[in-house]
Each structure stands twice: as C-alpha cells, then as structure tokens.
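**Q** kindly generate the corresponding structure for this input.
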Amino acid sequence: MRQYRCSRTTVSRALSALASAGLIERRRRAGSYVAMPRRHSAVLTIADMQAEIEARGERYGYELLSTERLSARQLKPLALELRGARSMLVLQCRHLANDRTFALEHRAINLTAVPEAASVDFATLPPGTWLLSHVPWTEAEHRISALNADDATAHLLEIDIGGACLSLERRTWRGTERITHVRQLFPASIYDLVARFGPVAC
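**A** Model prediction:
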C-alpha cells in the first residue's frame, strides 16, 4: 500500500488475481508466497529453440509455414488438449540449424487465456520464444515418442519417407488455464535427449 499508494482492497484484488493464475500461494495466517513451477518430468525444461541451436554452435533460422485462427469446434482434437478455449491460434513452423531443418513444430495457443497472442507477428518471431518471454506458466507436461515420417513430414524435415523421428509433445498451464499445446518433430539423426541426474532419496 505504501509503495504503490493504493488501498488495501486494491492490493487484495491484485494478490487474488495472482493466486488465481497460479503465480502465488496464499496461506492463511502465513502470508503470500511465489509459487514454484511444477513439471511432470524432473529432467526436462522448456528450452528456447533458438538458444538451443546457437548453443550447439550452429546458425539459427526460422520459417512460419501456416497460421490459422480457429474456434474450438473447428479443431476437436486440440479442443480436448486446450479445454475451455473459445478461440485458438494454430501455427506450423520450421526451425533451422545452418540452413537445414532442425525441427518441425505444430502449435496451438489458447487465445482465451492469452488474447494478446493474436496480434503478434509470428512470421518473424518464433511462438515458443514469445511465449517464454511474455506468458508465465506454472506447470508443464512432456510426452516423448518415436515415429516414422510420412510423406508430408519427410518433405518438411528433409529426410527420407519412413525415416525415424523423435516426437516431443508439450502442454503448459497457468494455474488451471491451459496455455499451449505443441508438437515438435526432430530427425532422429540430429537430435537426442540427454539428462544427468543422481539417485532419488527415499
């Protein structure tokens, strides 16, 4: 109240909004605390694709392949992934390393939770980069699998039809709101997941 010269009611409303978004925890008689992000996997983080590629010593490139704004009814599979969304922004893009395809990305952003995403120029700015720097999240889920590339995927990844791919699917939440669902496909020959960890205490 002293710092911002506002009423106790205004401060309480601001803290309630932060608590609803999952960014703070309000404990009765103990105060308010910054919430710690929770992840289903202890060995994975949400990395920025550009930073990851440049950390490998390679030159980063980006191409937006398509963008659509859809209602939940128009895309039922993603409506399940982003329940509660009344409108979604669906993007397909490629990430390049030294002018070769590093990953193919298909992403849906919940515009009900993040309406400002509708005005971002994703032709020049990768959606993952923008989300990491503008939209806080409190929980994430990764799903990793392997698959063989079909004709369209093989063409976009510049690999042989039937070639091995690593698939990384991720969902993120802010409190109870689902923010984004993304599926990234990597040619198996150039990408792997490595984690170093110790024994878990019993």
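
**Q** what's near enough to touch E58?
**A** Shown here is E58, whose contacts under the criterion CB atoms under 8 Å, 6 or more residues apart in numbering are 97-98, 102. C-betas here are computed from N, CA, C, even on glycine.

**Q** what about it, distance to A51?
**A** Taking CB to CB, to the nearest Å as the criterion, E58 is separated from A51 by 12 Å.

**Q** now D99
**A** Relative to A51, D99 is positioned 18 Å away (CB to CB).

**Q** likewise for R94?
**A** R94 sits 17 Å away from A51, taking CB to CB as the criterion.

**Q** run through who's touching stretch 120-136.
**A** For stretch 120-136, contacts defined as CB under 8 Å, 6+ apart pick out 21, 23, 46, 48-50, 62, 64, 67, 91, 93, 95, 105, 107, 109, 114, 116-117, 172, 174, 179-180, 182.

**Q** tell me which of those residues fall in strands.
**A** Of the positions in these, 62, 64, 67, 91, 93, 95, 105, 107, 109, 172, 174, 179-180, 182 sit in strands, assigned by DSSP state E.

**Q** of the residues you listed, grab the buried ones for ChimeraX.
**A** This is the ChimeraX syntax for the buried subset of the ones in strands among the contacts of stretch 120-136, where burial follows 16 or more other CB atoms under 10 Å:
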select :62,64,91,93,95,105,107,109,172,174,179,180,182
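
**Q** lowest-confidence entry in the ones in strands among the contacts of stretch 120-136?
**A** The weakest per-residue confidence within those falls on R174 (86).

**Q** pretty sure that one contacts W137?
**A** Yes. The pair R174 and W137 qualifies as a contact (CB atoms under 8 Å) at a distance of 5.3 Å.

**Q** in stretch 94-111, which residues are buried?
**A** Quick answer for stretch 94-111 (16+ other CB under 10 Å): 94-97, 101-111.

**Q** gap between it and the chain center?
**A** Using CA atoms, centre = their mean, to the nearest Å, we find the averaged C-alpha position of stretch 94-111 to lie 12 Å away from the chain's own average C-alpha position.

**Q** sorry, back to before: show only the entries of the contacts of E58 found in strands.
**A** Checking the contacts of E58 against DSSP E, those in strands are 97, 102.

**Q** with pLDDT and distance to S32 added, can I get the contacts of E58 in TSV?
**A** Formatted as TSV, the entries for those read as follows, by pLDDT from 0 to 100; distance: CB to CB, whole Å:
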residue	pLDDT	distance to S32
A97	92	43
N98	92	47
F102	93	42
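
**Q** what is the longest helix along the chain packed up against?
**A** Ranked by residue count under DSSP state H, the longest helix found in the chain is helix 8-20. On a contact count with 3 or more CB pairs under 8 Å, 6 or more residues apart in numbering; DSSP states H and E, helix 8-20 meets strand 24-27, strand 31-34.

**Q** which outside residues touch that helix?
**A** Taking contacts as CB under 8 Å, 6+ apart, the residues outside helix 8-20 that touch it are 1, 4, 24-26, 32, 175.

**Q** for stretch 7-18, what does the pLDDT average out to?
**A** Averaging pLDDT residue by residue across stretch 7-18 gives 85.
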